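**Student:** Sequence first, then the predicted structure:
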Amino acid sequence: MTKSYDVIVIGSGLSGLTIAYGLNKKGVSVAIVEANKFGGAVANYGSTRKKELVAFAELKLTAQQLAKTGAVNELTPNWQSAMAYIDSLENTESLEHETALRKAGIDTIYGEAIFVDEHHIEVAGSQYEGEKFVIATGAKSRTLQIEGSDYLKDSTDFLTQKELPKKVIFIGAGIIAFAFITIAEAFDTEVTVIQHDERALAAFDQELVYKLIELNKRRGINYHFDEQLIAVKKNRDNYSAITAKGIEYQADAIYCVAGRIPNISDLGIERIGIESDQHGIVVDEYLTTNISTIYACGDCSNTSVPKLATYAVWEADYLVEHLTGDGLKNIDYPLSVMSTFSQPKLAQVGISISHAKEHQDLYSVETIDMTDWLEYKKNNDAIALVKVIYQKSDNRIVGATSLSNQADLFINYFTMALHAGWTKSELKKIIFAYPSLANDVLRAYH
């Protein structure tokens, strides 16, 4: 007998869980399908593990900076101990997610979902019927179609390995690569980065990206831009990355972190005619596919917002309301805000620096060097910069980008200022606690 539900959610990452719990609380009968571990990539082998490893890296780098003053000794984090600690925190997480779902009255289905038609899927030989479906399968590591690609490791391999090689190569120079660079360098691994073009962290202000790269170079990171990887080969004791220029770089392990792609290839969407492109499943302003009973959200959809967990959850919250309300209101996204996992961090909100420079008749940009401010001098930080973008017509703050060890927190204060529509003069009317990082936001305008 085929089990039927009002909504079947495919994927149990942050967006899938948010939808399932949200609909369940509103009395909707829900089932959730997971092909791997409940909780999805972020919780089990993605950003959660990344954040925990970056915490060790930040501690090492802070001690390294302060050691230059002669007041403290440098620290040496241990990879095996760090991984054991992280595993102890996360080994039970998938089971806890599954148990919590069942306790809430949400049916859990384990296996790969394949569409049979617009109202039925097949999972592990059994069919399930849904009045509606939400596809929330996220993204997966991009694979390169080159000779020796089987020798390449991916981000999951890096974040779950029990031992960290002494010499590594990262293919790619995006957000994931910069996180891994920070982690590997802090654990005393020699790092080489190979990027196919001349840009790193393309979504960020390139002047600040350049400064971040220069800081990393001083720490011993080797960058090779405009180098197209064409082959990987296994040597007796290590591996070689071979580029189109004929240059061969050797390392104990080579990780492909050249972006992520929508995880939709095994769903059978082509069987029933669900449209997709290189960016994911095609959806409209209601996150509806070309089949009116099937929705998609998060990293597997082709929405124009950054492929970050925060936006996936935003879309999930929207779908809960959309599927249980009148369904007439289209999704409205908040300001774009993002940060790297690097050290120092690079973060930005609102209008980008490049957009402001292209429209100098509308916007002005102010650059503030905070390196000598106490908040940064106390840890002997190497750099602390912020660029603030103003709308010329009313002096309202419409964007900001920052490079510092606390850029993520700093930009969050600007995010609130942008949401409130504050001008320079209005920001001066606020008092934040002293001493605090928030107080530096005010100092920038006095």
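**Tutor:** Structure's in. What do you need? It should be emphasised that the depicted structure is a prediction, and the values quoted were computed from it without experimental measurement.

**Student:** Show me the shaky parts of this protein.
**Tutor:** Within the chain, the segments meeting pLDDT under 70 span 444-446.

**Student:** domain assignment for it?
**Tutor:** Taking automatic domain parsing as the domain assignment, the ranges for the chain are 3-140+261-324, 149-258, 344-443.

**Student:** Just give me how far the last one sits from the chain centre.
**Tutor:** Think domain 344-443. Centroid displacement of domain 344-443 relative to its chain, using CA atoms, centre = their mean, to the nearest Å, is 22 Å.

**Student:** Same question for the longest one.
**Tutor:** Relative to the chain's own centre, domain 3-140+261-324 is displaced by 13 Å; criterion: CA atoms, centre = their mean.

**Student:** What is the end-to-end distance of it?
**Tutor:** The first residue of domain 3-140+261-324 is 21 Å away from its last residue (CA to CA, to the nearest Å).

**Student:** again, but for stretch 162-180
**Tutor:** Using CA to CA, the end-to-end distance of stretch 162-180 comes out at 15 Å.

**Student:** mind listing what Ile411 touches?
**Tutor:** Listed by CB atoms under 8 Å, 6 or more residues apart in numbering, the contact set of Ile411 reads 337, 339, 347-349, 400-402. For the C-beta atoms, the positions are set from N, CA and C on the backbone; glycine is no exception.

**Student:** Compare those and tell me which is most surrounded.
**Tutor:** Among the contacts of Ile411, Ala400 has the most neighbours (other CB atoms under 10 Å), with 30 neighbours.

**Student:** and it, how far is that from Ser336?
**Tutor:** Here the criterion is CB to CB, to the nearest Å. By it, Ala400 lies 12 Å from Ser336.

**Student:** residues shared between the contacts of those two?
**Tutor:** Counting by CB under 8 Å, 6+ apart, the contacts common to Ala400 and Ser336 are 349-350.

**Student:** For this structure, which helix extends over the most residues?
**Tutor:** Determined from DSSP state H, the single longest helix within the chain is helix 47-67.

**Student:** Name the residues of that helix that are buried.
**Tutor:** Of the residues in helix 47-67, those buried under the neighbour-count criterion (16 or more other CB atoms under 10 Å) are 47-50, 52-54, 56-58, 60-63, 65-66.

**Student:** same check, this time on stretch 215-230
**Tutor:** Neighbour counts over stretch 215-230 (16+ other CB under 10 Å) mark 215-216, 221, 223-224, 227, 229 as buried.

**Student:** Quick one: these as a markdown table, columns for distance to Thr143 and secondary structure too.
**Tutor:** Shown next, in a markdown table, are those (distance: CB to CB, whole Å; DSSP: H, G, I helix; E, B strand; the rest coil):
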| residue | distance to Thr143 | secondary structure |
| --- | --- | --- |
| Leu215 | 31 | helix |
| Asn216 | 26 | helix |
| Ile221 | 25 | coil |
| Tyr223 | 23 | strand |
| His224 | 21 | strand |
| Glu227 | 19 | coil |
| Leu229 | 12 | strand |
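
**Student:** all strands of the stretch 51-200 of the chain, in order?
**Tutor:** In chain order, the stretch 51-200 of the chain shows strands spanning 107-110, 113-117, 120-123, 126-135, 139-141, 167-171, 190-194, with DSSP state E, counting those that start in this stretch as the criterion.

**Student:** Give me the contacts around the last one.
**Tutor:** When contacts are taken as CB under 8 Å, 6+ apart, the neighbours of strand 190-194 outside the stretch itself are 166-173, 177, 181, 184-185, 220-224, 227, 229, 241, 243, 249, 251.
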